[in-house]
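Engineer: Here is my input; please provide its structure:
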Amino acid sequence: MSKVVFCEDDPMIRKLVETAMRATTHEVHFAENGAKGLALIDRVRPDVVFSDVAMPEMDGFAMADAMHAEPALAHIPIVFITASVQREQIDECFRHGAVGHIAKPFTMTELRARVAQFAKS
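Structural biologist: Purely as a prediction, here's the structure:
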């Protein structure tokens, strides 16, 4: 069973993701901002992290940078979730070490497929 961390400040999106992931075999953990996400990632050591970009306290980019600065966390793949579909924003995701990008709004089918792509079975 793989471990997946979702960092998302919107409680409705967290609930939708939780519902979508319930039908999978993945162990799923949630944090509502980058600071809490970083602590959770350090504790859980997930196989993949899905993170919103714009969050309070610490945004997704700052969290990714902090992960990459920590050797024990640097190898964990990050997929950013953002409402922006502008090329500049997507490029910024990859500059911060993303292995993928999901544009909001996304379908639950798309989300599960992206989790399956990066998480261990």
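
Engineer: Lys104 and Pro56, how far apart?
Structural biologist: Lys104 is 17 Å from Pro56, where distance means C-beta to C-beta, to the nearest Å. All C-beta atoms are positioned from the backbone trio N, CA, C, and that covers glycine.

Engineer: Under a three-state scheme, what state does the residue most central in space within the chain occupy?
Structural biologist: Centroid-nearest residue in the chain: Phe50, 1.1 Å away (criterion: C-alpha atoms, centre = their mean). What DSSP: H, G, I helix; E, B strand; the rest coil gives for Phe50 is strand.

Engineer: surely it meets Val115?
Structural biologist: Yes. In this structure, Phe50 is within contact of Val115 by C-beta atoms under 8 Å, at 7.4 Å.

Engineer: what is in contact with these two at once?
Structural biologist: Val4 (C-beta atoms under 8 Å, 6 or more residues apart in numbering).

Engineer: in which helix or strand would I find Arg114?
Structural biologist: Using DSSP states H and E, Arg114 sits in helix 108-118.

Engineer: Which positions in stretch 18-34 come out as buried?
Structural biologist: Residues 20-21, 24, 26, 28-34 are the ones in stretch 18-34 that count as buried (16 or more other C-beta atoms under 10 Å).

Engineer: Contacts for it next, please.
Structural biologist: So stretch 18-34 is contacted by 1-9, 11, 14, 17, 37, 39-40, 44, 46, 51, 55-60, 62-63, 66, 108, 111-112, 115-116, 119, 121 (C-beta under 8 Å, 6+ apart).

Engineer: which ones are touching the nearest residue to Thr82 once chain neighbours are set aside?
Structural biologist: Nearest residue to Thr82, sequence neighbours excluded (C-beta to C-beta, 6 or more residues apart in numbering): Val53, at 4.4 Å. Neighbour list for Val53: 59-61, 80-82, 84, 89, 93 [criterion: C-beta under 8 Å, 6+ apart].

Engineer: If we use 6 Å, what do you get?
Structural biologist: 60, 80, 82 (C-beta atoms under 6 Å, 6 or more residues apart in numbering).
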